[in-house]
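In: Sequence and predicted structure below; questions after.
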Amino acid sequence: MKGTFIRLAALTAVAAVMGTGVMAQTVLRFSHTDNPGGSRQAAAEVFAEKVKEYTDGRYEIRIFPAGQLANDPKAIEQLILGGVDFTVSATGSYATHLASLNLTAMPFLVDTYEQGWELYDNSEWLQGEFDKLPAVGFRVLATWEAGFRSFTTDQPLASPADAAKMKMRVYPNDMIRWSMEAIGFQTVVMPITDVYLAIQQGTVNGQENPVDTIKSLRFYEVAPYVTLTRHVYSPLPLTVSEATWQKFSPEDQEAVMKAAAEAAAFSRDLVKNSVDQQIADMEAAGAKISTPEIGPFRDAVASVYDKARGVYGAEEVDNLLADAAAIRAAMPAN
């Protein structure tokens with residue numbers, strides 16, 4: 001009788017699994033710093049859904065937005081240690097572990113989204129740098145979109161002359177810091193999760209990020225002057241812990257890559273087509289939107305290229321600049 005009961009219980013359990021689909025065997029953790037309503041979260045949800053679909057439910061990705069697990073630098077450290085499985089962050093955030101990636105934040109490399117996509121997908125120099133990352137402890141799966149970096153400040157920023165009296169938050173990236181200092185700002189390094197309060201308290205006068213991030217993290221509420229300089233193209237490589245990657249079968253590696261590519265296409269389309277509405281929404285909420293004369297900003301940062309050559313080597317800098325120049329020539333802005 002007891003044996004019959006055990007067999008019936010087992011059959012009931014099997015029937016339950018068959019009735020609800022194959023249960024996920026492994027939960028993977030995805031950490032990012034965007035708010036739940038932002039484009040990173042939307043793309044992460046697409047990625048998680050596709051991974052589950054393409055692995056027949058063997059993997060379930062649990063997403064932790066808004067820095068719940070870690071800020072960007074800590075999440076990347078956790079990738080290397082295996083504490084998280086996926087993260088997505090600006091390319092320069094990964095430069096702590098491969099210094100040459102700082103060069104992707106050189107100012108005014110590209111002028112359009114399409115040029116930026118070509119650079120990240122097909123630049124021989126950049127792909128070569130990405131190929132070095134598995135030895136560090138993580139690898140790039142695809143590049144998601146964030147857009148072009150611009151400023152939000154608590155006072156007007158019409159030209160570099162206005163920057164001299166402001167403190168600008170930067171993340172730990174030499175190129176961004178050098179560019180901000182060349183424009184005239186005093187720079188303060190801090191995690192993005194601390195920025196809103198820092199502006200509110202007067203610790204800094206502003207920050208620079210893509211419009212999508214400015215809108216998602218509501219920086220325009222405390223720094224209402226949104227100045228659209230588009231000084232750096234700043235997409236978001238999606239990365240996986242190398243320890244996690246090596247646990248996947250070849251078939252599951254292929255499935256994860258496919259999911260990453262589809263989520264990247266979704267991200268690029270979403271961000272590019274949302275920017276105008278995001279700007280309009282911020283303006284309706286009280287932000288003061290302006291597009292300054294870009295020439296003075298370009299002139300101000302011209303010294304950054306030579307500084308980069310001195311630190312990272314002329315060959316490295318000139319190879320990336322050559323790739324970007326060829327792309328701009330082949331795909332001119334309208």
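Out: That came through, no problem.

In: Just the endpoints, please. Distance across stretch 55-66?
Out: 27 Å (CA to CA, to the nearest Å).

In: Report the distance from it to the chain centre.
Out: 19 Å (CA atoms, centre = their mean, to the nearest Å).

In: what comes up buried for that stretch?
Out: Across stretch 55-66, burial judged by 16 or more other CB atoms under 10 Å covers 55, 58, 59, 61, 63, 64, 65, 66. Backbone N, C-alpha and C define where each C-beta goes, glycine included.

In: Only alpha carbons, please: show the host helix or strand of residue 196 as PDB.
Out: Per DSSP states H and E: residue 196 is located in helix 195-200. The C-alpha atoms that make up helix 195-200 are tabulated as PDB, following Å, rounded to 0.1, in the frame of the first residue of the first chain:
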ATOM      1  CA  VAL A 195      24.400  60.800  -8.400                       C
ATOM      2  CA  TYR A 196      20.800  62.000  -7.900                       C
ATOM      3  CA  LEU A 197      21.300  62.700  -4.200                       C
ATOM      4  CA  ALA A 198      24.800  64.200  -4.900                       C
ATOM      5  CA  ILE A 199      23.300  66.800  -7.300                       C
ATOM      6  CA  GLN A 200      20.400  67.400  -4.900                       C
END
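
In: can the buried residues of stretch 55-66 go into JSON lines with extra columns for pLDDT and distance to residue 210?
Out: Listed next are the buried residues of stretch 55-66 as JSON lines, based on pLDDT from 0 to 100; distance: CB to CB, whole Å:
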{"residue": "55", "pLDDT": "98", "distance to residue 210": "31"}
{"residue": "58", "pLDDT": "97", "distance to residue 210": "34"}
{"residue": "59", "pLDDT": "98", "distance to residue 210": "30"}
{"residue": "61", "pLDDT": "98", "distance to residue 210": "24"}
{"residue": "63", "pLDDT": "98", "distance to residue 210": "20"}
{"residue": "64", "pLDDT": "98", "distance to residue 210": "21"}
{"residue": "65", "pLDDT": "97", "distance to residue 210": "17"}
{"residue": "66", "pLDDT": "94", "distance to residue 210": "17"}
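
In: which of these sit farthest apart?
Out: In the buried residues of stretch 55-66, two members sit farther apart than any others by CB to CB. They are 58 and 66, at 27.7 Å.

In: quick revisit: which one of the buried residues of stretch 55-66 is nearest to residue 282?
Out: residue 66 (19.5 Å).

In: which SS class is the closest residue to the closest one other than its chain neighbours?
Out: Closest residue in space to residue 66, ignoring its immediate chain neighbours: residue 35 at 5.4 Å, by CB to CB, 6 or more residues apart in numbering. What DSSP: H, G, I helix; E, B strand; the rest coil gives for residue 35 is coil.

In: hey, what's residue 88 bridged with?
Out: Taking DSSP bridges as the rule, residue 88 bridges to residue 238.

In: Give me the below-cutoff pLDDT ranges for the stretch 1-150 of the chain.
Out: The model of the stretch 1-150 of the chain has pLDDT under 70 over residues 1-24.

In: Strands of that one, start to end?
Out: 26-31, 59-64, 86-88, 138-144, 148-153 (DSSP state E, counting those that start in this stretch).

In: between those strands, which one is nearest to residue 115?
Out: Nearest to residue 115, of all those, is strand 148-153, at 10.9 Å by CB to CB.

In: Now do the buried residues in the following helix or strand past the closest one.
Out: Where DSSP H and E defines the elements, the next helix or strand beyond strand 148-153 is helix 160-163. Residues of helix 160-163 classed as buried: 160, 162, 163 (neighbour count, 16+ other CB under 10 Å).

In: List of residues touching helix 160-163?
Out: Applying CB atoms under 8 Å, 6 or more residues apart in numbering, the external contacts of helix 160-163 come out as 155, 156, 157, 180, 183, 184, 185, 296, 297, 300.
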